[in-house]
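Trainee: Sequence first, predicted model second:
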Amino acid sequence: MMKIATTPMCQEILRLAGVSQFQIIKDGVYRDVDVAVVLSETKTHDDTSTEFIKLKLNTFNQIEDSIKLVSNRLGTEPLGKNLSKGISNQKRDENKKIKIKVYSHFLRDIAEDMGFTIVTDDSCDFLIYPDYLKEELKRELEETGERAVELPSHSNAPLNPVKRARMRYEILENRICMKH
């Protein structure tokens, strides 16, 4: 039987992909496992016999793609939930008028999925940043005021990627889309 391991952040994807037997690794050391399912930014060592499946879990489409990838690679049957709680095309078109400055790759994925126009200068309507950059961006956040939107990062968000994505999208909907 194949030994499968994952991180706490990816365990829900395995469950949704129909994988019932796996272990959760918290220390990042994948010994004696055949397959490890990890986040895409996880550093892995090539000198191991472990096969790594790397996932992006920032948007609803990425979550669905990850479930399909795990299911296909491990030969399991997904639980059949359709997770798409993303943004409608009409809403994406409306959001194109809103210019967003983004601090972090995971937030860029979400902002692009929601249809916002990403800018790199100060011509932005809103600035979105992860909670872990609050101190580093203190001066810019003071200047931006209410137009700065903080989003919870991994340590302050649910482990379940569907709940995490839903929470982040709702924050952006409520703070940006409703006010613009």
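Mentor: Arrived safely, thanks for sending. Numbering: from 1, shown residues only.
Trainee: contacting residues around stretch 63-77?
Mentor: Contacts of stretch 63-77 with the rest of the structure, by CB atoms under 8 Å, 6 or more residues apart in numbering, involve 2, 4, 13-14, 16-19, 35, 37, 53, 55-57, 78, 82-84, 161-162, 165. C-beta: built from backbone N, CA, C; applies to glycine.
Trainee: I'd like to know which of those are buried.
Mentor: 4, 13-14, 16-19, 35, 37, 53, 55-57, 78, 161-162, 165 (16 or more other CB atoms under 10 Å).
Trainee: Can you tell me which of those end up in strands?
Mentor: Judged by DSSP state E, strands contain the following of these: 4, 35, 37, 53, 55.
Trainee: Touching the lowest-mean-pLDDT helix or strand in the chain from outside, list them.
Mentor: None of the helices or strands of the chain scores lower by mean pLDDT, DSSP states H and E than helix 89-95, at a mean of 88. Residues outside helix 89-95 that contact it (CB under 8 Å, 6+ apart) are 87, 114, 115, 116, 177.
Trainee: Most neighbours among the residues you listed, please name it.
Mentor: Within the contacts of helix 89-95, most neighbours by other CB atoms under 10 Å means residue 116, with 28 neighbours.
Trainee: That one is in contact with residue 97, isn't it?
Mentor: No - proximity of residue 116 to residue 97 does not meet the contact threshold set by CB atoms under 8 Å, at 9.1 Å.
Trainee: can you tell me which helix or strand residue 168 belongs to?
Mentor: Residue 168 is part of helix 161-172 when elements are defined by DSSP states H and E.
Trainee: average model confidence for that helix?
Mentor: Mean pLDDT, computed over helix 161-172, is 93.
Trainee: Who are the packing partners of that helix?
Mentor: helix 11-16, helix 60-74, helix 105-113, strand 148-151 (3 or more CB pairs under 8 Å, 6 or more residues apart in numbering; DSSP states H and E).
Trainee: centroid residue for the protein?
Mentor: Among the residues of the chain, the one closest to the centroid is residue 58, at 1.8 Å (CA atoms, centre = their mean).
Trainee: what's near enough to touch the residue lying closest to it once chain neighbours are set aside?
Mentor: Residue nearest to residue 58 in three dimensions, not counting chain neighbours: residue 109, with 4.0 Å by CB to CB, 6 or more residues apart in numbering. Residues near residue 109 by CB under 8 Å, 6+ apart: 56, 58, 59, 62.
Trainee: Would you indicate which residues of stretch 110-122 are buried?
Mentor: Neighbour counts using 16+ other CB under 10 Å place 110, 111, 112, 113, 114, 115, 116 of stretch 110-122 among the buried residues.
Trainee: how much distance is there from that stretch to the middle of the chain?
Mentor: 16 Å (CA atoms, centre = their mean, to the nearest Å).
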